[in-house]
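Undergrad: model this:
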Amino acid sequence: MATDDISSRTRSRANDLLVYGQRQVDRVVSPPTRQKAYNWVYDFSIEKPILSSFVAFQLALSLAPILLFAGFATTTIAVSLISALLFSLFWIGIATLFLVPTLFITFSIALFFWAWAAATFFAGRYVYGRLSSGADGDGKVVANSGEKKIIFEKKNGKNNDADFDAKAEATEVKE
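TA: Now for the predicted structure:
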């Protein structure tokens, strides 16, 4: 009874494998197209039996070397791609060992220059605020005279003229 059970399971698995294989073949080549090819091969073998037997022997004996060559070529390409990838990753890793310290140095230099520029800006703004005169955003010249601010504007509104009129005077300046 145990042998019948094993035999039936083996037949069931073989049948499942056959059905799976048939589904995969159907996905690649549809059954009507396959049937057309079978009919053409059958008609060809009936019409020209000597030529069809020659082609069959050539195909049967040459198929193994062709498949072995195709497998070798595929394997060679796969190995070369993997080798190229590993070679590239190795040298990219070596380059990274140079890149990281270089970036650290350039970052440090850039930080130093930025800090110097920011300090210069704030120091200049501080000194500019303490000067006795300066220009505001509208192109007016503002002169500090103790506790009074005098605002001068250009005559005629021309940028080339250096001629100014006193337009306003503020008595108490709070800063």
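
Undergrad: pLDDT weak spots in the protein?
TA: Low-confidence segments of the chain (pLDDT under 70): 1-2, 132-175.

Undergrad: so Gln35 versus Val41, what's the distance?
TA: Using C-beta to C-beta, to the nearest Å, Gln35 is found at 11 Å from Val41. Quick note: C-beta positions are derived from backbone N, CA and C, even for glycine.

Undergrad: repeat that for Ala56.
TA: Distance from Ala56 to Val41, by C-beta to C-beta: 10 Å.

Undergrad: the biggest helix by length in the chain - contacts with which helices or strands?
TA: Under DSSP state H, the helix in the chain containing the largest number of residues is helix 49-130. Here helix 49-130 touches helix 31-47, going by 3 or more C-beta pairs under 8 Å, 6 or more residues apart in numbering; DSSP states H and E.

Undergrad: the longest helix of the chain to helix 31-47, inter-axis angle?
TA: Calculated by axes from the mean of the first three to the mean of the last three C-alpha atoms, to 10 degrees, helix 49-130 forms an angle of 150 degrees with helix 31-47.

Undergrad: could you list the domains of this structure?
TA: According to automatic domain parsing, the chain comprises the domains 10-47, 63-130, 133-175.

Undergrad: switch those domains over to JSON lines; also include mean neighbour count.
TA: Output for these, formatted as JSON lines (neighbours: other C-beta atoms under 10 Å):
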{"stretch": "domain 10-47", "mean neighbour count": "10"}
{"stretch": "domain 63-130", "mean neighbour count": "10"}
{"stretch": "domain 133-175", "mean neighbour count": "11"}
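
Undergrad: format the ones you listed as CSV; extra columns: distance to Asp4.
TA: Putting the domains of the chain into CSV (distance: least, C-beta to C-beta, whole Å) gives the following:
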stretch, distance to Asp4
domain 10-47, 10
domain 63-130, 38
domain 133-175, 102
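
Undergrad: out of those, which comes closest to Thr3?
TA: If you check each of these against Thr3 by C-beta to C-beta, domain 10-47 wins as the nearest, at 10.3 Å.

Undergrad: quick one: residues contacting Leu51.
TA: Phe44 (C-beta atoms under 8 Å, 6 or more residues apart in numbering).

Undergrad: please report how far it lies from Phe122.
TA: Applying C-beta to C-beta, the value for Leu51 to Phe122 is 96 Å.

Undergrad: how much space separates the residue lying closest to Ala37 once chain neighbours are set aside from Gln22?
TA: Leaving out its chain neighbours, the residue that sits closest to Ala37 by C-beta to C-beta, 6 or more residues apart in numbering is Val29, at 7.9 Å. Counting by C-beta to C-beta, the gap from Val29 to Gln22 is 11 Å.
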